[in-house]
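> based on what follows, work out the 3D shape:
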Amino acid sequence: MLNLRSKFDKILGIVKLSLKNILNEDGNMPKRGKKPDFSDAEVIALSLLSECLMFDSENYLFTMLHNNYKSDFPNLIERSRYNRRRRNLSHLKEIVHQYLAQSLAEGEDTFIIDSMPIAICRFSRAKRARICSGDYLTAPSYGYCAAQDNTYFGYKLHGISTVKGVITSFDLSKAKAHDIEYLQDIRERYPGCLFLGDKAYLSEPLQLELFDDHKLVLKTPMRINQKNYRKQPAVFRRVRKRIETVFSQFCDQFQIQKNYAKTFQGFATRILAKITGFTLLQYLNKYELGNQLNHVKHALI
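Sure thing, here's the model as predicted:
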């Protein structure tokens with residue numbers, strides 16, 4: 001049987017270290033009122049633990065905790081309260097991810113940029129789907145995935161990774177948004193770096209603008225019908241596959257394509273937890289377990 005308490009304590013220590021300048025000695029955000037029995041740090045740690053162990057159902061998680069680990073988690077809160085606090089603490093989880101990513105990517109100056117589709121329902125149900133449709137600005141839309149050659153309804157996950165597979169930045173957009181729009185949003189964070197992208201980022205005016213304004217070099221493969229076509233060096237193509245492998249891990253191991261949320265906030269919270277959990281396992285592999293960085297499947301088993 002899994003020793004969940006020891007794994008939970010390990011993750012809790014990393015969460016407190018990441019948020020040492022924000023949380024008080026009890027692991028809570030400073031605020032008035034009664035101190036919660038289950039601290040803010042514990043809520044974040046439990047959320048990350050469930051993702052690290054690839055539990056895609058909160059119902060299964062809480063049933064297991066109540067049936068097998070009740071003595072290990074005597075102050076465990078009710079599931080709906082946990083879910084509400086988990087959403088409200090998502091900004092702290094983002095800080096945890098930034099701390100972990102910076103620790104793993106220190107000194108890196110070469111990055112890979114790419115996007116992947118996340119459908120929230122089957123295409124045949126898109127017209128009557130009401131999931132995440134409360135606000136037009138965050139509502140899902142139709143989009144086309146060239147890699148899979150299909151149209152889907154949902155969102156697009158944009159990500160930036162190091163050549164070793166550490167996700168340093170990510171965001172969600174409507175499925176219809178062009179990949180270049182995300183690059184416009186984050187270019188000021190990576191001055192003087194080299195970016196490797198696919199043909200979706202091919203834009204000579206943008207490449208010149210990025211270099212002139214931020215000394216950011218964007219390398220993409222050329223289209224065959226372009227003037228003075230040159231095939232991209234094999235080393236670039238090989239390195240760029242790293243982020244595709246990471247996206248595959250998100251889909252296969254972390255079930256990122258499964259959506260149980262009803263609101264966009266809940267959906268975004270789940271995506272953030274999965275990516276932070278993945279980065280946490282990379283952190284454990286590097287600094288505690290001595291495993292290869294991206295062998296995350298058995299890091300906590």
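> so where's the stretch 1-150 of the chain uncertain?
Along the stretch 1-150 of the chain, segments meeting pLDDT under 70 span 1-2.
> how about the residue nearest to Ser103 when sequence neighbours are not counted, what does it touch?
Nearest non-adjacent residue to Ser103, counting by C-beta to C-beta, 6 or more residues apart in numbering: Tyr283, 6.5 Å away. All C-beta spots, glycine's among them, are computed from the backbone N, C-alpha and C. Applying C-beta atoms under 8 Å, 6 or more residues apart in numbering, we find Tyr283 in contact with 14, 100, 103-104.
> Three-state assignment for Tyr283, please.
Under the three-state scheme (DSSP: H, G, I helix; E, B strand; the rest coil), Tyr283 adopts helix.
> hang on, the earlier thing: which of the contacts of Tyr283 ranks first by neighbour count?
Greatest neighbour count in the contacts of Tyr283, by other C-beta atoms under 10 Å, goes to Leu100: 26 neighbours.
> doesn't that residue lie inside a strand?
No - Leu100 is assigned helix when assessed by three-state DSSP, not a strand.
> hmm, Thr276 and it touching each other?
Yes - with contact defined as C-beta atoms under 8 Å, Leu100 reaches Thr276; the gap is 7.3 Å.
> circling back: and which of the contacts of Tyr283 is nearest Pro36?
Distance to Pro36 across those (C-beta to C-beta) is lowest for Ile14, with 20.4 Å.
> let me see the backbone angles for that closest one.
The phi/psi pair for Ile14 (degrees, to the nearest 10) reads phi -70, psi -40.
> which residues touch it?
Contact analysis of Ile14 by C-beta under 8 Å, 6+ apart lists 96, 100, 280, 283.
> and of those residues, the nearest to Val296?
Leu280 (8.9 Å).
> and what about that closest one, helix, strand or coil?
Secondary structure state of Leu280, per three-state DSSP, is helix.
> how many neighbours does it have?
Leu280 has 26 nearby residues by other C-beta under 10 Å.
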